[in-house]
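S.K.: Could you look at this predicted model? Sequence included:
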Amino acid sequence: VSGNNLFVGTEGEGVFLSTNNGCSWSEINNGITNKMIFSLAVSGNSIFAGAGANIFLSNNNGTTWTEVNNTVPAVNVMMVSGTNIFAGTSGGGIYLSNDNGTTWVEKNNGLTNKQVYTLNINGNSIFAGTSDDFGEGYIYQSTDNGNNWVQVSNGFSIKRVLSLVS
């Protein structure tokens with residue numbers, strides 16, 4: 001959601017916009033070359049669409065999109081914290097951009113399971129839900145804006161962590 005606009009990312013059809021609370025939808029894919037949208041995130045007036053190894057940016061409510069990444073691997077989830085945009089990937093861990101998607105930096109110190117399916121913020125903590133190659137799930141916490149991660153799921157056995165909410 002951005003203002004009165006509701007955006008939806010789809011599997012194979014790209015991004016759609018509703019300006020009337022979902023009563024009608026318009027396809028808005030001008031500039032999107034990969035329509036497998038796994039994640040959407042809003043940062044101020046910027047909207048990001050994560051589509052596999054592509055991240056697209058729109059600064060005009062989805063009228064046009066520009067690719068701002070082709071190096072971050074397989075984006076599963078994106079999350080915004082202030083001016084920071086985090087991307088959780090399938091096999092590459094977590095990446096951070098603090099320049100509106102122009103550059104991305106790997107932030108995996110302490111993150112041993114790099115299949116990241118979900119990200120969430122609670123206060124000063126960022127949480128990442130992950131999985132290893134065998135489908136075992138783990139939760140990691142960072143208290144320094146993603147610079148270092150500590151596993152906090154010790155003591156219980158879980159499968160792939162697909163969603164976190166606070």
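M.R.: Sure thing, it's come through. Numbering: from 1, shown residues only.

S.K.: Report the contact partners of Phe7.
M.R.: Val1, Val15, Phe16, Leu17, Leu40, Val42, Ile47, Gly62 (C-beta atoms under 8 Å, 6 or more residues apart in numbering). C-beta coordinates here come from the backbone N, C-alpha and C atoms, glycine included.

S.K.: Next, count neighbours for Pro90.
M.R.: Pro isn't right for residue 90; it's Ser. Ser90 is flanked by 18 other residues according to other C-beta atoms under 10 Å.

S.K.: And the nearest residue to it once chain neighbours are set aside, what's its pLDDT?
M.R.: Distances taken as C-beta to C-beta, 6 or more residues apart in numbering put Ala74 closest to Ser90, at 3.9 Å, once the chain neighbours are dropped. At Ala74, the predicted lDDT confidence score is 90.

S.K.: what's near enough to touch Ala74?
M.R.: Ala74 neighbours (C-beta under 8 Å, 6+ apart): Gly52, Ala53, Thr89, Ser90, Gly91, Gly92.

S.K.: and the last one, how far is that from Ser131?
M.R.: Spatial separation of Gly92 from Ser131 under the definition C-beta to C-beta, to the nearest Å is 13 Å.

S.K.: Over to the first one?
M.R.: Taking C-beta to C-beta as the criterion, Gly52 is separated from Ser131 by 18 Å.

S.K.: Comparing those two, which residue is more hemmed in?
M.R.: Ser131 (20 against 17).

S.K.: wait, what's in contact with that one?
M.R.: Applying C-beta under 8 Å, 6+ apart, the residues near Ser131 are Asn113, Gln115, Tyr117, Gly137, Tyr138, Lys159, Arg160, Val161.

S.K.: From the residues you listed, which land in strands?
M.R.: Residues of the contacts of Ser131 located in strands (DSSP state E): Gln115, Tyr117, Gly137, Tyr138.

S.K.: out of those, which one sits closest to Ile32?
M.R.: Tyr117 (22.4 Å; C-beta to C-beta).

S.K.: who's in contact with that closest one?
M.R.: Per C-beta under 8 Å, 6+ apart, neighbours of Tyr117: Asn76, Val77, Gly88, Gly129, Thr130, Ser131, Arg160, Val161, Leu162, Ser163.
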